[in-house]
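Participant: Generate a structure from the sequence data that follows.
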Amino acid sequence: MKAIKRLFFGAFCLMLCSCGPKIIFEETVGFENEVWTYGDSLNFEFSIQDTSKQYDLMVDIGHNARFPYQNLYSTISTIYPDAKRMDQVLSFEMAEKTGRWYGKCKAETCELTIPLQTSVRFDQVGDYVIGFEQFSRKDSLWGFRDFTLRLTESIVK
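Facilitator: Here you go, the predicted model:
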């Protein structure tokens, strides 16, 4: 009887783990010495084959809990398969005005997931490039461990 319960519990856990959104693309870039300099561009290239589906673009930022700013300004560049380029400046809010970090922090490290776009459709088949550049008043921002771009199929229809 115990073996049947364990088997059922294991199958149930496996089923729960497989119910998440389908990851189309995920790439992480680490920062040497936890520093993101003004000239360091983070470029992520992925391919879209199905323009009828909806997708979610998420950014994960890993940073030191002593990062000195409430937000991060970034220039985001999108290059479409037809070579058209679109640039936008965006502020990633990382902490409340009180200084409490958004996301999850343990000791000296924090992880923050930010939805960049949800339920978006790509209107062209082919390769896309999304680039991020830090756009602050400081040449070098200390305290960044890693930066991840994740593209998943949207679960909202």
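Participant: Which residue ranges of this structure form strands?
Facilitator: 23-30, 35-37, 41-48, 55-64, 71-79, 85-93, 104-106, 109-120, 126-134, 140-142, 144-153 (DSSP state E).
Participant: ok, the fifth one: who's next to it in the sheet?
Facilitator: Think strand 71-79. Strand 71-79 pairs in its sheet with strand 85-93 (antiparallel), strand 126-134 (antiparallel), by DSSP bridges.
Participant: neighbouring contacts of that strand?
Facilitator: 61, 85-95, 116, 128-136, 141 (C-beta atoms under 8 Å, 6 or more residues apart in numbering). All C-beta spots, glycine's among them, are computed from the backbone N, C-alpha and C.
Participant: Mind doing that once more with 10 Å?
Facilitator: The contact list for strand 71-79, computed with C-beta atoms under 10 Å, 6 or more residues apart in numbering, reads 36, 41-43, 45, 57, 59, 61, 63, 84-95, 112, 114, 116, 127-137, 141, 143-144, 147.
Participant: Among these, name the buried ones.
Facilitator: Using 16 or more other C-beta atoms under 10 Å as the burial test, those include 36, 42, 57, 59, 61, 63, 92, 94-95, 112, 114, 116, 128, 130-134, 141, 143-144, 147 as buried.
Participant: where's the residue nearest to the spatial centre of the chain relative to R150, distance?
Facilitator: Centroid-nearest residue in the chain, with C-alpha atoms, centre = their mean: V59, separated by 1.6 Å. Using C-beta to C-beta, to the nearest Å, one gets 8 Å for the distance from V59 to R150.
Participant: tell me, what's touching those two both at once?
Facilitator: F44, T113, L116.
Participant: Apart from its neighbours in sequence, what residue is nearest the second one?
Facilitator: This means T113. D60 (5.2 Å; C-beta to C-beta, 6 or more residues apart in numbering).
Participant: so that neighbour makes contact with G103?
Facilitator: Yes - if you go by C-beta atoms under 10 Å, D60 and G103 touch, sitting 8.9 Å apart.
Participant: so what sits against both of these two?
Facilitator: E111, L112, T113, I114.
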